[in-house]
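> could you look at this predicted model? Sequence included:
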Amino acid sequence: MATVAELQEQFNKDPNLLSVRDKLRLPIYAEAAKKILLSKNRMELDALKYDFLFNARPSQIEPAGDHRIWLILAGRGWG
C-alpha cells in the first residue's frame, strides 16, 4: 500500500489517478473522510473493502454515454 506522501505526490501530478479510497487518506480530505466513515456502521465499513466504485481509479470506471462496443485490454494475471 502506498504511503500518504506517495499518494500526495500522485495527487499533485494528476488527481484523477487516485481512487476515492486513496483520496480519503490525504490530509486535505481528512474532514470529508471523517464524516463519511463516522456515518457508516461496521458492516458498511467492511463492505467498502469490496466496493468497486470506492476502490477503482477514475480511469477504471466506465465513461458516461451509451456505448455499443467495449474493449477489455487485459494484462498478465487478468481473469
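Right, received. Where do you want to start?

> for the residue nearest the centre of the chain, give me the pLDDT.
Taking CA atoms, centre = their mean, the centroid of the chain lies closest to residue 19, which sits 2.0 Å from it. Note on residue 19: pLDDT of 93.

> for stretch 38-53, C-alpha coordinates in CSV please.
Provided in CSV are the C-alpha atoms of stretch 38-53 (Å, rounded to 0.1, in the frame of the first residue of the first chain):
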residue,chain,number,x,y,z
LEU,A,38,-18.5,8.1,11.0
SER,A,39,-21.8,7.9,9.1
LYS,A,40,-21.2,4.2,8.4
ASN,A,41,-21.9,1.2,10.6
ARG,A,42,-19.4,-1.7,11.0
MET,A,43,-21.0,-3.8,8.2
GLU,A,44,-20.9,-0.9,5.8
LEU,A,45,-17.3,-0.1,6.6
ASP,A,46,-16.3,-3.8,6.0
ALA,A,47,-18.2,-3.7,2.7
LEU,A,48,-16.1,-0.8,1.4
LYS,A,49,-13.2,-3.2,1.0
TYR,A,50,-15.1,-4.9,-1.8
ASP,A,51,-16.9,-1.8,-3.3
PHE,A,52,-15.6,-1.4,-6.8
LEU,A,53,-16.5,2.3,-7.2
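
> distance from that stretch to the middle of the chain?
For stretch 38-53, the separation from the chain centroid amounts to 13 Å (computed by CA atoms, centre = their mean, to the nearest Å).

> burial of residue 22, as a residue count?
Using other CB atoms under 10 Å, residue 22 has 19 neighbouring residues. In short, each C-beta sits where N, CA and C put it, glycine included.

> let's number from 36 now, not from 1
All right, first residue 36 from here; so that's residue 57.

> so how far is residue 64 from the closest residue in space to it that isn't next to it in sequence?
Among residues not flanking residue 57 along the chain, residue 42 sits closest, at 5.3 Å (CB to CB, 6 or more residues apart in numbering). Applying CB to CB, to the nearest Å, the value for residue 42 to residue 64 is 10 Å.
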